[in-house]
Each structure stands twice: as structure tokens, then as C-alpha cells.
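Chemist: fold the following for me, if possible:
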Amino acid sequence: MTKVKNFVCFVCLFAASLWAAPVLMEGVAAVVDGKPIMRSEFLNNLYQFQETPEGSAMTEQQQKDYVLDQMIEEKVLLSRIDRDSIVVTDAEVDQRVNAHLAQLAGSQNIDLATLEKAIRAQLGLSMAQYRDRLSKQVRSHIELMKVRQRHVGAISPTKKEVDAFYKAYKDSIPPQYNCVLLSHIQMTIHPDSVIVDSVKKVAEALIDSLNLGMNFEILAKNHSQDTSAAKGGDLGYFKRGLLDPAFERALDQLKNGQYSAIPVKTDLGWHIVRVLGRKEDGVRSAHILLRTIPTAADTAAVIQRADSLQKTLKTKEEFSAAAKKFSEDKSSNFQGGLLGWFQRNEMEPAYVEPVAGLNVGEVSEPVLIDGAYHLFRLDDSRQIRELNLEEDYGKIESFAASHLENEKLKTLIKKWRQEVHVDIRLTE
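Modeler: Below you'll find the predicted structure:
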């Protein structure tokens, strides 16, 4: 087997079979935990595997054995969905499908109406039919990811493990095509201090009402300025590290049922924080959010600063120094605003348009993204490039983590396979 095998997802062949044409001469190839693998499924997957470099290097019998073994392992993995009582809601699926379509349209710099025409022209499907097929694949993907999360979790490889992975699988890591190296400066629009102070006073007045016995859920429904208001401010469970640090520090000081005695400030505004419950890996919280919304004058001031700055940035060194001084993106400002390499078709949708017209070395006009103005610099552009540890450590670290998680999952599947009945009926 080649090293590429380690990158093959357990569900890839299964997902691909959903799109394949049916094959006649139906029958049962195997039964796993009472669920059949049909002969048509097996043959579809076999034909597709035979077209891969790994498959073409095997004999026909080795191909059949490998594909059937992979399909059995997939069924064993899918059997955990019922055993673990995993449920995926329609809302989860719809959210992922909508995000996928938005990303697909954004990567091509087109709107959804144009995307729908392209799907009909290229695939012969209406948007409803395409969404239906996509939804089935997304549901299976979410189910399998939940199995992984429950039994494998997230693995954070050490630098030694990342280095070892890169050394072993360097030749199998896919290159990037049509890619760009970007840097940026992020200048957030902050509200005037008068607004911040006035909203804080409103939050303090609501806390006084709570102290007098007012119901938290009612106040949240009437005053909170986010989507959780309809649920009485309930945010659900979050693992540590996923919420704003100031918000989490406030939660740490509270017992179950308690709310914060003073408002908590984040980039969104002022929060009245409440703990609803705790688990080992997280906390269920609620809040009343009062947003601090910048005025038109606040926005105009940032635009003016960004415009003036853009005109002065002629060299990479000047841009890097400005990013360290002015950029409010803490994940990139310390390294001169460097965002890294991106394939153009995998860029954040909001980045596509401002970067599209740039030549190497040029800086974009200020562009508004999520409450901040950004200046983008196109540092380099290549048609093809290999990933390396110096420039792409984060991406390679992600590959290494997936590899370690897959190895752990393989071990679990072998164990689970012994716990279910497998009846292989394929005779030819």
C-alpha cells in the first residue's frame, strides 16, 4: 500500500457511491450488524477504486478484498450511530448545506442565482435536487464526525510528531494550485466611549432589576440583542476556550444559577452573564447582551485612517511594520499581518473580491468585513507550490492531527468489528 492510503477518509468511497450509476445483477455482498452491503454498492466502489493510483497497483483480487474490507469497516463505524444514540437535526444539516453553497458561490465570485444556473447546466439538477443529495451526504458526514468526536476527540500533535509526520509523508501531502500569499491589516470600528458608558448604565439598571427579583429569562427576551433572546438568553453548552476570555472569566466566578453582579465587556458590547449548568468539559450559560454599536462618525474615522495608511504602504517592510503597530488581528499582527498561503478557490468568500484585482506587491483599498476595515497585500502568487514546515506549519499540523486521529479510529474500528456479526457472502 502506498503512503497516500493514510489520507483516505473512511467515508470517501461510501459518499462517492451515492452519486454513482446503479449496477444490475443485484445481490448481497456482505451483512454487517444486520445491515447489508449490496453487490451494486460494492461494484460501484470497486470500479472507482480501480481508477485510483493505489488501486491500479493491485491485482484484481487485492482490489476486491481491499474495497470490501473498507466497506465493512464503514458499516461498522456507521453502526456506532445507533449504538451511541447520535442524532443530527435538520437545522444542523441545513446550516452546513447553506454554508457550503455560500462558500462555493463565494469561491467563484458569483451569487447563488448564478450558482443555481451552473448546477442545472453542468449537473442537470435543480437546486432542490442538488440540496437534497448534498443534505444526505452532509448528514452522514456529521454523524460520522460525532462518532469521531465521542470516541477519538481532537488530538493536538506535538512539534516532534508534526516533524515526524512531515518527514514520513512529505511526498503524499497534496500541493496547492493557483495560490496566493496574503497579509492584512485589520482596523476594527470601535464605538465612542460615550456610547460604551451609556450602554453600561442600561446593563447596570437591568442587574438592579434582577436583584429586586425580576426573572432573568423575561429580561433576556425583552432586552437581549442577539438570537438567544428568544430562548431566554440560553447559549447552550460550550467547551472552555470557545467563548470570549472575559466572558469565560466571569463564568468561572459564578455558581450554577448565579448571574454576574457587574456587566461584562466584550467586543460585542455589555453582557449580564449567568451559569445554567456545568459538565466536565464545558459550561451551559445564558446572557443578556446589550450591544455597543458604533456611530457613522466612528466608522468614518476608521475609513479615513485606513485610506491614509493604504497610501503610505509601498514595500513589504512598510506593510509589516504597520501591521505590527495598527492591526487588531492578534493572530497575525505579531508576524507583520501574514495570513499565509491560500488556494484561490478555498479563500474566505469575503477575501475573494478585494484580492482578485491585485498584482504581487499591491495593497487593496480598505474593505469592510465583520465590523472591521481590512487592507490586503498580495505578497506572492504561484500556479503550484509544495507545502513546507516553515510557511505551512499550521496546515501540516492539521494533516498530522487527522492522521493520528485516523490511526486511533482504525484501532477502535478493529475492536468494534469483533463486537458485531459480519457475514461475507461475496463469492466472485
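Chemist: gap between T315 and G340?
Modeler: Per CB to CB, to the nearest Å, T315 is found 20 Å from G340. Using the backbone N, CA and C atoms, a C-beta is placed for each residue, glycine as well.
Chemist: swap that for Q418, please
Modeler: From Q418 to G340 the distance is 43 Å (CB to CB).
Chemist: these two: who's more crowded?
Modeler: G340 (17 against 8; other CB atoms under 10 Å).
Chemist: phi and psi next, for the more buried one.
Modeler: G340 adopts backbone torsions of phi 110, psi -170, taken as degrees, to the nearest 10.
Chemist: for it, give its distance to L313.
Modeler: Computed as CB to CB, the G340 to L313 distance reads 19 Å.
Chemist: how about R417, what does it touch?
Modeler: 72-73, 76 (CB atoms under 8 Å, 6 or more residues apart in numbering).
Chemist: which one of the residues you listed sits closest to V360?
Modeler: Distance to V360, by CB to CB, is smallest for E73 among the contacts of R417, at 46.4 Å.
Chemist: give the helix, strand or coil label for the closest one.
Modeler: Classification of E73 using DSSP: H, G, I helix; E, B strand; the rest coil returns helix.
Chemist: mind listing the strands for the stretch 101-250 of the chain?
Modeler: 176-188, 234-239 (DSSP state E, counting those that start in this stretch).
Chemist: highest average neighbour count across those?
Modeler: Of the strands of the stretch 101-250 of the chain, the one with the most neighbours on average (mean count of other CB atoms under 10 Å) is strand 176-188, at a mean of 21.
Chemist: what strands flank that one, and is each parallel or antiparallel?
Modeler: strand 338-343 (antiparallel), strand 372-385 (antiparallel) (DSSP bridges).
Chemist: nearest to A229, out of these?
Modeler: By CB to CB (comparing all of the strands paired with strand 176-188), the closest turns out to be strand 372-385, at 24.9 Å.
Chemist: after the closest one comes which helix or strand?
Modeler: Going down the chain from strand 372-385, the next helix or strand is helix 389-417, by DSSP states H and E.
Chemist: against which helices or strands is the helix or strand following that following helix packed?
Modeler: Next in sequence after helix 389-417, counting helices and strands by DSSP H and E, comes strand 422-424. The contact analysis (3 or more CB pairs under 8 Å, 6 or more residues apart in numbering; DSSP states H and E) places strand 422-424 against strand 28-32, helix 60-83.
Chemist: can you list the ones you listed in a markdown table and add distance to L144 and mean neighbour count?
Modeler: Shown next, in a markdown table, are the helices and strands packed on strand 422-424 (distance: least, CB to CB, whole Å; neighbours: other CB atoms under 10 Å):
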| stretch | distance to L144 | mean neighbour count |
| --- | --- | --- |
| strand 28-32 | 15 | 20 |
| helix 60-83 | 6 | 18 |
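Chemist: so where is the protein shaky, pLDDT-wise?
Modeler: Applying pLDDT under 70 to the chain picks out residues 1-26, 427-428.
Chemist: give me the neighbour count for N333.
Modeler: The tally of other residues near N333 (other CB under 10 Å) stands at 20.
Chemist: for it, give its distance to N256.
Modeler: 38 Å.
Chemist: then L115?
Modeler: 47 Å.
Chemist: swap in Y166?
Modeler: Taking CB to CB, one finds Y166 at 45 Å from N256.
Chemist: neighbour-wise, which of these two wins?
Modeler: For Y166 and N256, the more surrounded residue by other CB under 10 Å is Y166, and the numbers stand at 19 against 11.
Chemist: spell out which residues sit in contact with that one, please.
Modeler: 173, 389, 396, 400.
Chemist: give the closest residue to the first one in space, chain neighbours not counted.
Modeler: Spatially, and ignoring its direct neighbours in sequence, I173 is nearest to L387 (5.4 Å; CB to CB, 6 or more residues apart in numbering).
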